[in-house]
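Visitor: Just need the structure, nothing else, for what follows:
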Amino acid sequence: QVQLVESGGGLVQAGGSLRLSCAASGLTFSTYGMGWFRQAPGKVREFVTAISWSGGSTYYADSVKGRFTISRENAKNTVYLQMNSLKPEDTAVYSCAATPYAKYEVPEYYNYWGQGTQVTVSS
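Guide: Numbering: from 1, shown residues only. This is a model prediction of the structure:
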């Protein structure tokens, strides 16, 4: 049974930082690309960032480039999202997901999803 469990969300002031973690189990983690998506109330889910299975390639939405950093530790079956210079518009539920395909920005290509963690940025 595959499980992806996010942690690290919370309430932070604008300009602050948070680090999200996503711990995976039940899959060969090192063979999956990993992505982070977010969904704000009343909005569609949007791609945030992704990292290839090896960690050698990363991808970012324009809205988070230069502020967010994705990384992974295959030995720990964990992917991270370091979020700096947070803005109120970053407020959303952040979910990690795993994909065997190199279509990182397309949620339909992800096989497994976590439940999500809430990130709230106050102004």
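Visitor: Would you mind confirming that Arg45 makes contact with Pro107?
Guide: Yes - if you go by C-beta atoms under 8 Å, Arg45 and Pro107 touch, sitting 6.1 Å apart. (C-beta placed from N, C-alpha, C; glycine too.)
Visitor: who touches both of those two?
Guide: Residues touching both Arg45 and Pro107 (C-beta atoms under 8 Å, 6 or more residues apart in numbering): Phe37.
Visitor: neighbours around Val64, how many?
Guide: 23 (other C-beta atoms under 10 Å).
Visitor: what residues are up against it?
Guide: 48-49, 83, 90.
Visitor: same thing but 6 Å
Guide: By C-beta atoms under 6 Å, 6 or more residues apart in numbering, the contact list for Val64 reads Val48.
Visitor: Tell me what Leu81 is bridged to.
Guide: Leu20, Ile70 (DSSP bridges).
Visitor: Contact partners for it?
Guide: Neighbours of Leu81 in contact, by C-beta under 6 Å, 6+ apart: 20, 36, 70.
Visitor: again, 7 Å this time
Guide: 20, 36, 49, 68, 70 (C-beta atoms under 7 Å, 6 or more residues apart in numbering).
Visitor: Now Thr91. Its backbone dihedrals?
Guide: When read as degrees, to the nearest 10, the backbone of Thr91 gives phi -60, psi 120.
Visitor: To clarify, my last question referred to Val121.
Guide: Residue torsions, per degrees, to the nearest 10, at Val121 are phi -110, psi 120.
Visitor: just to revisit the earlier point, and the contacts of Leu81, which two are the farthest apart?
Guide: Leu20 and Thr49 (10.6 Å; C-beta to C-beta).
Visitor: Secondary structure element holding Trp36?
Guide: strand 33-39 (DSSP states H and E).
Visitor: tilt between the helix or strand just after that strand and strand 33-39?
Guide: Heading C-terminal from strand 33-39, the first helix or strand you meet, by DSSP H and E, is strand 46-51. Orientation check (axes from the mean of the first three to the mean of the last three C-alpha atoms, to 10 degrees): strand 46-51 against strand 33-39 gives 160 degrees.
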